[in-house]
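Student: A structural model of the following input is requested.
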Amino acid sequence: MKRMSRFVKWQLPLLALLLGPLLSQPAQAQSTYNAASCVESAVQAAFALEQASKADGDIISIPACSATSWSSPLSISPANSLTIQGQSSTTGTCAPAGTCAPTDNTNITFGNGVQLTVDIAAGKTFRLTGISFTFSGSSAQYGNLTFNCGGAQLRLDHNHLNDEVNGGHTVQPDQCTGVLDHNFWDSTDQGNLFFIQPTIDNGGSETDGESNYTWTQPENFGSSGFLFVENNFFQNGAFLFDCDFGGRIVFRYNTGSTNTRIQTHGTGSGAQRRGCRAMEIYNNTFTYSTSPNTNSFAFLVDYESGPLMFWGNTITGFVLLLRQQEVRADNATYSQTPTPNGFGYCGTDFNGTGSNWDKNSNSGTGYPCLDQVGRGAGQMLTGSFPSLKNSSTGTIAWPNQALVPTYAWGNTLNTNNFAQNHFWQNEESPARVTENVDYYLQLPNVDESTTFNGTKGIGQGLAAAKPSTCSPAVGWWGTDTQTLYLCTSTNSWTAGYAPYTYPHPLVTGQSTQNPPAPPTNLAASVQ
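Tutor: Presented below is the predicted three-dimensional model:
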């Protein structure tokens, strides 16, 4: 390793001198810089050379290699739109109706304390593609691969990611939009998390690190303002993803295979952080076990905050689909610190002391709780404990969060004999959420035999087949228009939600099956 570092140190000035006349010319788009090997020092040297003449669309190409260990972390801050490309790939679609498999040509192993951190410049994009990563050593809790976007776009595609560290987070996209697609995710020891999705600020307003700003903004369901995860294959990890810190995620057209499920964290699950802001989960296949009658998991989604669009999924090997939990209802999972040093418990039922951060329309339950399931945008919170305040009142006060119900429809739960199956379950008693107020479910479902008539729940069929009468907030999924219609007032239907363009534009703008072929213009190899 040291020999390679000395060689790079002495050769870079010579290489810069030889290429000086060329590199001083106006930069050309999509120039390729070839790292001499897979070690981190060679990649860093190629990056340094690329940044000396940077142009949007540049590619740093990493060659094929057998298992190559990185022993030290690498942090880069590209000022331009950049791709780092290996020679591995994931062939196939990884979609629920198809299959995919990794081809491991560029193999990199992260040892203890090793991370790749990329700070993406505002208004730019970063792509990491075609690398087979094995995470074998302990690292920081959040992110073997960490991307700090500040609203910039990320594409992570055609990689093979194998997490051998229980409790680690494979990928952390921080304030990122964009797409994670055609990746093969694996874990040899059922590592706790594949990736974590913190807040998206879309413009630099998220300045306090606690995702307060995103809780003042509309959900914008069906828009590009989310991190998209599509056409991936997951197996053997405890959780497919964890939505936290005001995260906004669209998880679609993925295959969740053995031993995988979904985690979220609500407000009150750690320090001052706010919970998951909004999710869309649709057209995925989730199969926890191929023997569901003897091996099923308690729930598919541990659901703790914000609104959700959950539709078109096929689920096998789970007892129930959506397990709603308000973590501030008791100390079963997290203990709460009373105000002003914490958010406190929601309602007086648990220990007799509620919290002014909640609306407290019912003193016992505190309903509605801050950031609970089915709540959306509200007033800005500023400061830090013990000085955290509602900026509109200057006090500890309920931020008047809008009611934004969760909708779940068109899902197929393949029932089993492992335990009694359910569509939805409220973890607390009494519950902090109410059906047909905070959430709406397709009718009929595994718990309810009621036929949809427009007065509650969600129906589905041709758009023109909607009933002529309806109650406010009831839904109808138009199977021909792929649109969720909402009853906005008595007997009045309005188109309310339609999914964002699929595939994601970052995917359709480039090859969807294999990493791009290197361009044939400038090529500079770093020895």
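
Student: ok, the residue nearest to residue 96 when sequence neighbours are not counted - how many residues close by?
Tutor: Excluding the flanking residues, the one nearest residue 96 by CB to CB, 6 or more residues apart in numbering is residue 285, at 3.7 Å. Backbone N, C-alpha and C define where each C-beta goes, glycine included. Residues near residue 285, counting by other CB atoms under 10 Å, number 17.

Student: Low-confidence regions, the stretch 401-527 of the chain specifically.
Tutor: Along the stretch 401-527 of the chain, segments meeting pLDDT under 70 span 510-527.

Student: again with the stretch 201-350 of the chain
Tutor: Applying pLDDT under 70 to the stretch 201-350 of the chain picks out residues 201-209.

Student: can you pull out the strands in it?
Tutor: With DSSP state E, counting those that start in this stretch as the criterion, the stretch 201-350 of the chain has strands at 227-230, 233-234, 239-243, 248-252, 255-256, 261-264, 278-282, 285-287, 297-303, 308-311, 314-316, 318-324.

Student: ok, now the stretch 351-500 of the chain?
Tutor: 381-382, 389-390, 406-409, 412-414, 422-426, 439-441, 458-461, 475-478, 483-489, 492-497.

Student: Of those, which is nearest residue 135?
Tutor: The closest of the strands of the stretch 351-500 of the chain to residue 135 is strand 412-414. By CB to CB, the value is 32.5 Å.

Student: got the contact list for that closest one?
Tutor: Residues external to strand 412-414 that are found in contact with it (CB atoms under 8 Å, 6 or more residues apart in numbering): 292, 313-318, 321, 421, 423, 446.

Student: try 6 Å this time
Tutor: Residues from elsewhere that reach strand 412-414, judged by CB atoms under 6 Å, 6 or more residues apart in numbering: 314-316, 321, 446.

Student: What residues of stretch 118-133 count as buried?
Tutor: 118-121, 125-133 (16 or more other CB atoms under 10 Å).

Student: Filter those residues down to the ones in strands?
Tutor: If you go by DSSP state E, the buried residues of stretch 118-133 have 118-119, 125-129, 132-133 in strands.

Student: Ends of stretch 364-379, what's the gap?
Tutor: 24 Å (CA to CA, to the nearest Å).

Student: my bad, stretch 344-355
Tutor: For stretch 344-355, the first-to-last residue distance is 6 Å (CA to CA).

Student: chain center to it, what's the gap?
Tutor: How far stretch 344-355 lies from its chain's middle: 31 Å, per CA atoms, centre = their mean, to the nearest Å.

Student: likewise stretch 425-433?
Tutor: Going by CA atoms, centre = their mean, where stretch 425-433 is centred and where its chain is centred differ by 26 Å.

Student: Next, the buried residues of it.
Tutor: Residues of stretch 425-433 classed as buried by neighbour count (16+ other CB under 10 Å): 425-428, 431-433.

Student: and the contacts of strand 412-414, which are buried?
Tutor: With burial judged by 16+ other CB under 10 Å, the buried subset of the contacts of strand 412-414 is 315-316, 321, 446.

Student: Can you give me the neighbour number for residue 364?
Tutor: 12.

Student: Then residue 393?
Tutor: Counted with other CB under 10 Å, residue 393 comes out at 13.

Student: just residue 221 next, same as before
Tutor: So residue 221, with other CB under 10 Å, has 23 neighbours.

Student: Residue 491 too?
Tutor: Other residues within reach of residue 491, judged by other CB under 10 Å, total 12.

Student: Touching, it and residue 469? I think so.
Tutor: Yes - look at residue 491 against residue 469 with CB atoms under 6 Å: they come within range, at 5.2 Å.

Student: May I have the phi/psi pair for the spatially closest residue to residue 444 that is not a sequence neighbour?
Tutor: In this structure, residue 444 finds its nearest non-sequential neighbour in residue 450, 5.9 Å apart by CB to CB, 6+ apart. Backbone dihedrals for residue 450, given as degrees, to the nearest 10, come out at phi -60, psi 130.

Student: Right, I'll call it a day here.
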